[in-house]
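Trainee: here is my input, please return the structure:
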Amino acid sequence: FPKDAHFSELAQLCGILSNIGYPDEAQRGLKELVDLAWSNRRFQADLWSRSIIRWMGRSEARRLCWNAVRENFDRMTTECRQAVLEGLFPQCRNCVSTLLATAPTLEDAESPKSKWDALERLWLFDRTYFQPDPRTTVTDWLRRARGQLAKTEISSSQLSELSQLALGFGLTDLALELASEDRGAGRYDPGTVNAHQLGAAEIYVKRGSLGKALPIFSTIRRASDNQQQVLPREVETLLLAGEYQQAADLEATRWLRPLAKLGGYSLSTYSQVAQHFKDSQRYSLAAEYAEPAFLFADFDSVNAFFAATDYVSILQELDQYGKSSDVQRAVLVEALQPASRLMQFFAGRKYLSSLRYAAQKERLSRAVGCIERGDIREAKRHIDVGRRLQPQDIEMVVQCYPRLLQAGESELADQIFEDFERAMLDQLEAWPQDATALNNLAWMYSQCDLKLDRALELAQQAIELAPSSPVFLDTLAEVQYRSGQIAQALETMQGCVQLDPRDLHYRQNIVRFRSGK
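Mentor: Residues are numbered from 1 along each chain as shown. Just a heads-up that it's a prediction; the model follows:
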């Protein structure tokens, strides 16, 4: 860790070391980072939030980062404290300082539980931590926070965050109370789509109280700066309520509204709405907004690249691999033009590997599309190019192997499997503690339904190196499920939910495991 090294690169390296099973080395590097942050007090908030928290605030490195924050929090500047808390708890960033200040200090049989511990367990929706009466404890805490915030002027985003925390603990009545709070006629937070009231409308829909939900949707649509997130939900609710003509009339205006805004077209409108629907796994709606976000972007700009990346991932969720490859190639071709702004951006920030990764994904999409239309020779060519670009990206095997078997191309399927397996085994021979490589090889075996006994061993080794990774636990659960260990798989997947309760994928896997699909 030389003193003149780039701070973000050091933080990224520490995160990698932690995630591949070298916690002691990561800890030493983190100490260097903390010392460097104090020596640059003017930029302390940026160094902590944009480097340390960014690269070490998630997955296995989070615990190291968390301990460093607790040890140094009292001597941070006010700006740095807020930035650090927002980075660690992005889903409640607007009220996290108040939540920490109002947190309860609980006692257990061994030792007192600190406010920091309570905040972490609240963020993870951990009911067990707040025993014997989690409903009362969390309700009282959220009411204290709400009262503290109201001493100034509580915002829509703060009410929304408190409401979502209440929902995470099953406190539906409290969530509705917070989400329905009247903040005064006509007041709203620009850009938040009256987030707290939108939450109330969603709760009413789930309860079947459509008559109460519709006026809220309508009010938000008329007042909000970003109507597009609300409008499709309002149309759906109108259809449920039998208001078919009103739903049709409203739907007919959907694509005119962004263009009618003062100042003309806003790229962020379509991109943000696409991301909103993608996060809620409503991919068909997400695609409708991702397409104009991509088409209206300047093709050699950074916005175009990220708009294309989002659009590609959505199309792949919809199994539209042919179209996704065309989108990816379009932006890559523009990036390679002379004096391209996109190339200058990536080269200037040493992000050229992102273009290489995008090129490999484009080849993967083309390979899948070729297999599905029976052009096996062309599929093999794309697979070979993709393998040279990223020889350890097992997604090529995961997507192509079962499709090749289904197409009767077992020999080619086996060849591809063996090529990527060899690359992964070489990686593990060189780096036997690479938890990511262990996990990825186990995942590849599971998705191909091959070598499941070995997959189980690899997944367990990865978790031993990184026990706090829900991604690695997810792999273990998948291997257990495919091996017929249903009870163990369900228990493991419940561990994923505890580590990352906001990711719907893990909850959906529990449903899938129970159904036997």
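Trainee: mind listing the helices for the stretch 301-450 of the chain?
Mentor: For the stretch 301-450 of the chain, helices defined by DSSP state H, counting those that start in this stretch occupy the ranges 302-317, 321-335, 341-348, 352-372, 376-389, 395-406, 410-430, 435-448.
Trainee: so where's the stretch 51-200 of the chain uncertain?
Mentor: The stretch 51-200 of the chain contains residues with pLDDT under 70 at 107-113, 182-195.
Trainee: now, of the helices of the stretch 301-450 of the chain, which is deepest in the fold?
Mentor: helix 435-448 (a mean of 25; mean count of other CB atoms under 10 Å). (C-beta placed from N, C-alpha, C; glycine too.)
Trainee: how far off centre is that helix?
Mentor: 21 Å (CA atoms, centre = their mean, to the nearest Å).
Trainee: what about the closest residue in space to Pro402 that isn't next to it in sequence, distance to Asp503?
Mentor: Closest residue to Pro402 apart from its sequence neighbours, by CB to CB, 6 or more residues apart in numbering: Cys448 at 7.0 Å. Computed as CB to CB, to the nearest Å, the Cys448 to Asp503 distance reads 24 Å.
Trainee: give me every residue that touches Gln392.
Mentor: Neighbouring residues of Gln392 by CB atoms under 8 Å, 6 or more residues apart in numbering: Phe420, Ala423, Met424, Gln427, Ala437, Asn440.
Trainee: if we can go back for a sec, what pLDDT does the residue nearest to Pro402 get?
Mentor: As predicted, Cys448 sits at a pLDDT of 96.
Trainee: which one of the contacts of Gln392 is nearest Arg58?
Mentor: Asn440 (17.9 Å; CB to CB).
Trainee: what's the pLDDT at that closest one?
Mentor: pLDDT, Asn440: 96.
Trainee: surely it and Ala423 touch.
Mentor: No - in this structure, Asn440 is not within contact of Ala423 by CB atoms under 8 Å, at 10.5 Å.
Trainee: ok, the residue nearest to Pro402 to Ser156 distance?
Mentor: Per CB to CB, Cys448 is found 48 Å from Ser156.
Trainee: then Leu122?
Mentor: Leu122 is 21 Å from Ser156, where distance means CB to CB.
Trainee: and if you look at Ala407?
Mentor: 52 Å.
Trainee: among these two, which residue is more densely surrounded?
Mentor: Using other CB atoms under 10 Å, the more surrounded residue of Ala407 and Ser156 is Ser156, with 24 against 16.
Trainee: what helix or strand is the closest residue in space to Ile463 that isn't next to it in sequence located in?
Mentor: Nearest in space to Ile463, with sequence neighbours left out and distances taken as CB to CB, 6+ apart, is Phe472 at 5.2 Å. Using DSSP states H and E, Phe472 maps to helix 470-482.
Trainee: identify all contacting residues around the next helix or strand after that helix.
Mentor: Downstream of helix 470-482, the first helix or strand assigned by DSSP H and E is helix 486-499. With contact meaning CB under 8 Å, 6+ apart, helix 486-499 is reached by 124, 126, 468-470, 473-474, 476-478, 480-481, 503, 506-507, 509-510, 513-514.
Trainee: just the buried members of these?
Mentor: Buried subset of the contacts of helix 486-499 (neighbour count, 16 or more other CB atoms under 10 Å): 124, 126, 468-470, 473-474, 476-478, 480-481, 506, 509-510, 513.
Trainee: which one of those is nearest Lys361?
Mentor: Asp474 (21.2 Å).
Trainee: measure the closest one to Ile510 for me?
Mentor: According to CB to CB, Asp474 stands 11 Å off from Ile510.
Trainee: now stretch 45-60, how far from the chain's geometric center?
Mentor: Taking CA atoms, centre = their mean, one finds stretch 45-60 lying 16 Å from the centre of the chain it belongs to.
Trainee: residues of it that come out buried?
Mentor: So, applying 16+ other CB under 10 Å, buried residues of stretch 45-60: 45, 47-60.
Trainee: what's the helix or strand harbouring Glu288 in contact with?
Mentor: Element membership for Glu288, per DSSP H and E: helix 283-295. Residues from elsewhere that reach helix 283-295, judged by CB under 8 Å, 6+ apart: 228, 232, 267, 270-271, 273-278, 304, 307-308, 310-311, 314-315, 317-318, 327.
Trainee: so who does Gly369 touch?
Mentor: Shown in contact with Gly369 (CB under 8 Å, 6+ apart): Tyr321, Gly322, Ser325.
Trainee: and the pLDDT for the closest residue to Arg363 other than its chain neighbours?
Mentor: Ranked by CB to CB, 6+ apart and with sequence neighbours excluded, the top spatial neighbour of Arg363 is Gly386, at 3.6 Å. pLDDT for Gly386: 94.
Trainee: the helix holding Phe472 packs against which elements?
Mentor: The contact analysis (3 or more CB pairs under 8 Å, 6 or more residues apart in numbering; DSSP states H and E) places helix 470-482 against helix 435-448, helix 452-465, helix 486-499, helix 504-515.
Trainee: distance from the chain centre to that helix, please.
Mentor: Distance of helix 470-482 from the chain centroid (CA atoms, centre = their mean) equals 18 Å.
Trainee: quick one: average confidence on that helix?
Mentor: For helix 470-482, the mean per-residue pLDDT is 96.
Trainee: quick check: angle from that helix to helix 486-499?
Mentor: Helix 470-482 runs at 160 degrees relative to helix 486-499, counting by axes from the mean of the first three to the mean of the last three CA atoms, to 10 degrees.
Trainee: helix 470-482 vs helix 435-448, what angle?
Mentor: Angle of helix 470-482 versus helix 435-448, following the same axes, to 10 degrees, is 30 degrees.
Trainee: can you name the residues in contact with helix 470-482?
Mentor: For helix 470-482, using CB under 8 Å, 6+ apart, the contacting residues are 59, 435, 439, 442-443, 445-447, 449, 452, 455-456, 459-460, 462-463, 466, 486, 488-490, 492-493, 495-496, 499-500, 503, 505-506, 509, 513.
Trainee: could you tell me the angle between it and helix 452-465?
Mentor: Using the same axes, to 10 degrees: helix 470-482 against helix 452-465 is 150 degrees.
Trainee: distance of Phe287 from Glu317?
Mentor: Slight slip there: residue 287 is Ala, not Phe. For Ala287, the distance to Glu317 equals 9 Å [CB to CB].
Trainee: one more: Thr152?
Mentor: In this view, Thr152 and Glu317 are 42 Å apart by CB to CB.
Trainee: can you check Glu9 too?
Mentor: To Glu317, Glu9 is 33 Å away according to CB to CB.
Trainee: cool, and Glu234?
Mentor: Separation of Glu234 from Glu317 (CB to CB): 24 Å.
Trainee: next one: Ile220
Mentor: Counting by CB to CB, the gap from Ile220 to Glu317 is 27 Å.
Trainee: so what does Gln320 look like in phi/psi?
Mentor: Main-chain torsions, Gln320, degrees, to the nearest 10: phi -100, psi 70.
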